[in-house]
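> Generate coordinates for the sequence data below:
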Amino acid sequence: MEAGLAEAKVVVFRVGKEEYAVSISAVQEVGPWAQPTPVPEAPPMVEGVIDLRGDIIPVIDLGRLFKTARLKELADSKTIVMEVEGQRAGFVVDEVTEVQTVLPGTVAPPSPVLRTGTQSGSMVSGILKMGENRLVVLVDPRRILACAQLTAV
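Residues are numbered from 1 along each chain as shown. Down below sits the predicted model:
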C-alpha cells in the first residue's frame, strides 16, 4: 500500500510497544503461535518452519527482524500468515489489534531518512495517521521477507 492510494484495509499489529500495519490483501490468516521446527543455518530471525495444512512455511520473528523486544512470551504471541509473491510465510507478532480502513490522505510516504539502504529497499512503505497522536508504521511483507533473506548471507 502506497501513500495517496484509494481506500484500503490494513491489519494492525503490535511488536513490542510499537504498532505496525500490513495490507489485508497479503494476509491469509491469523493464528496462535505454534512451536516451529528449527532449521540449521537459518537466519537469526527465523524461528523455524511449521506445517500449515500440508504446506511447510518459514516462521519469522518480527521482533528480532525489527530489533525490538517483544513484550509477550512466544506461547502468547500470534502468527500472521501472509502470501508474499507466491511464497507463504508466518510472521510472529505480540498481538493483532484490529482491521482498519485506510482513507485517502491518511498515509504519508516514509522519510528518506528511514530508508534501510538494502538491496530490497525499506521495509517501511508509509506512515498511517490514525487519529490524533497515533501513528502506525505500514510495512511491506515482500520487503520484510527480502530483508530476512539478505541477513542470512
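
> and F13, what is it in contact with?
E19, Y20, A21, V22, K78, I80, V93, D94, E95, V96, T97 (Cβ atoms under 8 Å, 6 or more residues apart in numbering). (Each C-beta comes from the backbone N, C-alpha and C, glycine too.)

> Whichever of those residues end up buried, select them in ChimeraX.
With 16 or more other Cβ atoms under 10 Å as the burial test, the buried ones among those are selected in ChimeraX as follows:
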select :19,20,21,22,78,80,93,94,96
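
> Tell me where this structure has helices.
62-65, 141-150 (DSSP state H).

> can you put those helices in a markdown table and add distance to Q87, mean neighbour count and mean pLDDT?
Listed next are these as a markdown table, based on distance: least, Cβ to Cβ, whole Å; neighbours: other Cβ atoms under 10 Å; pLDDT from 0 to 100:
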| stretch | distance to Q87 | mean neighbour count | mean pLDDT |
| --- | --- | --- | --- |
| helix 62-65 | 16 | 21 | 92 |
| helix 141-150 | 7 | 19 | 76 |
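
> got those helices as TSV, with distance to Q35 columns?
Output for those, formatted as TSV (distance: least, Cβ to Cβ, whole Å):
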stretch	distance to Q35
helix 62-65	16
helix 141-150	19
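
> Now the helix or strand of the chain with the lowest mean pLDDT - C-alpha only, CSV.
Least confident helix or strand, the chain: helix 141-150 with a mean of 76, by mean pLDDT, DSSP states H and E. Output of helix 141-150 as CSV, limited to C-alpha atoms (Å, rounded to 0.1, in the frame of the first residue of the first chain):
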residue,chain,number,x,y,z
PRO,A,141,5.7,-8.0,3.6
ARG,A,142,7.6,-8.6,0.4
ARG,A,143,10.4,-6.3,1.6
ILE,A,144,10.3,-7.9,5.1
LEU,A,145,10.9,-11.3,3.6
ALA,A,146,13.6,-10.0,1.3
CYS,A,147,15.4,-8.3,4.3
ALA,A,148,15.2,-11.6,6.2
GLN,A,149,16.8,-13.4,3.3
LEU,A,150,19.5,-10.8,2.9
